[in-house]
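> Need the 3D shape of this:
(2 chains)
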Protein chains: 2
Amino acid sequence: MLEHGGNLDLAMQRFGGGLEDWIDLSTGINRQAYPVPELAPRHWGALPSRSDIEQLHQAARKAYGATAPIVAVAGGQAAIQLLPRLSPRGRARILAPSYNEYESVLRLAGWEVAEVGDFRSLAGADLAVVVNPNNPDGRQYEPGDLLGLFSRVGRLVVDESFVDATPQLSLAPDAGRSGLLILRSFGKFYGLAGLRLGFVLGSAADVAALAALAGPWPVSGAAIEIGRRALLDSDWAAETSARLVHESRWLDALAQQQGWTLVGGTPLFRLYDTGDAAAAQARLAHARIWSRVFGDRPGWLRLGLPGNAAEWARLASALGR
Amino acid sequence: MLEHGGNLDLAMQRFGGGLEDWIDLSTGINRQAYPVPELAPRHWGALPSRSDIEQLHQAARKAYGATAPIVAVAGGQAAIQLLPRLSPRGRARILAPSYNEYESVLRLAGWEVAEVGDFRSLAGADLAVVVNPNNPDGRQYEPGDLLGLFSRVGRLVVDESFVDATPQLSLAPDAGRSGLLILRSFGKFYGLAGLRLGFVLGSAADVAALAALAGPWPVSGAAIEIGRRALLDSDWAAETSARLVHESRWLDALAQQQGWTLVGGTPLFRLYDTGDAAAAQARLAHARIWSRVFGDRPGWLRLGLPGNAAEWARLASALGR
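The predicted model follows:
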């Protein structure tokens, strides 16, 4: 398995403590989750119906400002797993550094994969992948530039897993053209990664092909019901976006006091150059705060946002030592 | 989409009523579900950890009397979706009539698929599929016969989605040999189909390949926690098996009074030859009880078991008219 955030098993193995002792800032999952409602027995017991799934799709289209065909899948990762099967194997290019699963999944399926560091080098690929805003460094690409690129690649995948708090960056309103796929994650912004819910927007043919590969019941009844309610709650989304934007500046201020440099970020996470990320991670870990480091970038430390006042205080105190 | 049970959308479209008005007996999902416990926030919010998934795997092995490698997937259907990718395309044979998704999924992935009516005709296939006990007719195959067949096919898939109440039929204790895959459904026997949870037992190589295709977080936090608790509750499983075996005889008695002939079944569902299934389905539907009919078998009606005394009374009354 590839290295990912959210691996508290490793944190406990290396630094001790039990699950409840740790504050996990190693991911970009919002720690002030959308409140989980009580579910009716049928959401647990019955197979999800076509009409339930269609209502979820409509809620997602509304939240994302989109009119294109859409399909719900078991998290953004599930969409990535299906991606290699949408078109014949060819040459894929991934704008890197970025989320490491694309390379791994495409290679496993027999694709030729190159990571490129420059946006323009994506042109000519049979399949190009851009994460916008990018994970882990928060790089942003303008919708106009992405649409320009789209005409120069066979297929363009824009992974918008972290776009919710900056919706002006999203290409979801432009989805529907053949060969353009927009991936959305539900769990990160809504703080419900355990639900396993995500969406793909695209052309009717692409979405139908993905739906056939995913099968008739890819998403749980709980994900359908909770996802639908959350996606229709535009007030919660607006308040949460504003809060995350605001609080991500607090994190930058704490980091600056450490002499760390902001590499980039989104309202859900920040990436700092700490000089020595292993040491910074260890210092935080002694206060039972888990963070994400990157094997090939020894200075980089990624931090999500604490979820409440007590967590902020513990982070500040850990860094103040 | 193929025809399936559990399609209450269609029932309401054709016969009216709202969701809460209907008793859905069109599936083999147990209507006395395992009680859903309160979940801790981390099961909703966090990505499932490796150790949580490993504990689920251990609980499933214990429940199934197995020691082989195992992987949790998002329902038995999710395992079927991955099946065509485990080995190079070839000739698949499915013991029919049976669950219709095998043929559809394998064909979509480019396999040559034949349905055969006779167990012996499976020999020589690159991939053979047997559902045991079979859906919809309840046919049973002895573990010894299946192991004999196994030596004469490239790969044998035994779908045990409905075996829980008759565990003596299960090949799970024999799993682990290369090329033998055992599929288990969690949601049917435990009455929690909305959770989307199932398992595949097989050789280390096959299970590792399936896990790579499924990706790192194929199953929700709720499914992992509820599944683990339920699978460890051997008392509940024993009581439920006994109840289902007992109550399936009540259903047969009601059917006999109608002059219907038992074609076969499992403790979770029964298949009757009614002479005219469309008429029988309509009669039940007027009492808001939904059943499963089969386009190519005009006499066949499949019924799951009512979930409580009130549901039994309504069924008896609908049939008594």
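
> so where do the strands sit in chain A?
For chain A, the strands defined by DSSP state E cover A:23-24, A:70-73, A:91-95, A:112-116, A:127-131, A:155-159, A:180-185, A:198-201, A:261-266, A:269-273, A:289-290, A:292-294, A:297-304.

> Nearest to chain B, out of these?
Nearest to chain B among the strands of chain A is strand A:23-24 (6.7 Å), distances taken as Cβ to the nearest Cβ. C-betas here are computed from N, CA, C, even on glycine.

> who does the closest one pair up with?
strand A:289-290 (parallel) (DSSP bridges).

> possible to save the strands of chain A as a markdown table with distance to A:Ala214, mean neighbour count and mean pLDDT?
Formatted as a markdown table, these follow (distance: least, Cβ to Cβ, whole Å; neighbours: other Cβ atoms under 10 Å in any protein chain shown; pLDDT from 0 to 100):
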| stretch | distance to A:Ala214 | mean neighbour count | mean pLDDT |
| --- | --- | --- | --- |
| strand A:23-24 | 29 | 24 | 98 |
| strand A:70-73 | 5 | 26 | 98 |
| strand A:91-95 | 21 | 22 | 98 |
| strand A:112-116 | 23 | 15 | 97 |
| strand A:127-131 | 19 | 26 | 98 |
| strand A:155-159 | 16 | 25 | 98 |
| strand A:180-185 | 13 | 25 | 98 |
| strand A:198-201 | 9 | 28 | 98 |
| strand A:261-266 | 27 | 20 | 98 |
| strand A:269-273 | 28 | 25 | 98 |
| strand A:289-290 | 32 | 24 | 98 |
| strand A:292-294 | 29 | 20 | 96 |
| strand A:297-304 | 28 | 22 | 97 |
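
> From chain B, how far off is A:Asp174?
27 Å (Cβ to the nearest Cβ, to the nearest Å).

> Contact residues of the stretch 201-321 of chain A facing chain B?
A:Ala212, A:Leu213, A:Ala214, A:Gly215, A:Pro216, A:Trp217, A:Pro218, A:Val219, A:Ser220, A:Gly221, A:Ala222, A:Ala223 (Cβ under 8 Å from any Cβ of the partner chain).

> re the thing from before, got a markdown table for the strands of chain A, with distance to A:Ala253 too?
Converted to a markdown table, the strands of chain A look like this (distance: least, Cβ to Cβ, whole Å):
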| stretch | distance to A:Ala253 |
| --- | --- |
| strand A:23-24 | 18 |
| strand A:70-73 | 38 |
| strand A:91-95 | 30 |
| strand A:112-116 | 33 |
| strand A:127-131 | 26 |
| strand A:155-159 | 29 |
| strand A:180-185 | 27 |
| strand A:198-201 | 32 |
| strand A:261-266 | 10 |
| strand A:269-273 | 11 |
| strand A:289-290 | 17 |
| strand A:292-294 | 20 |
| strand A:297-304 | 13 |
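
> who's in contact with the residue lying closest to A:Leu25 once chain neighbours are set aside?
Nearest-residue entry for A:Leu25: A:Gly304, 4.4 Å, with adjacent residues in sequence omitted and distances by Cβ to Cβ, 6 or more residues apart in numbering or on different chains. By Cβ atoms under 8 Å, 6 or more residues apart in numbering or on different chains, the contact list for A:Gly304 reads A:Gly5, A:Asp24, A:Leu25, A:Ser26, A:Thr27, A:Gly28, A:Ile29, A:Arg31, A:Leu268, A:Phe269.

> In the sheet, which residues pair with A:Gly304? Tell me.
Beta-bridge partners of A:Gly304, as defined by DSSP bridges: A:Phe269.

> Pull up the gap between it and A:Lys188, please.
A:Gly304 sits 9 Å away from A:Lys188, going by Cβ to Cβ, to the nearest Å.

> Quick one: closest of the strands of chain A to A:Glu38.
For the strands of chain A, proximity to A:Glu38 was assessed by Cβ to Cβ; strand A:70-73 is nearest, at 21.7 Å.
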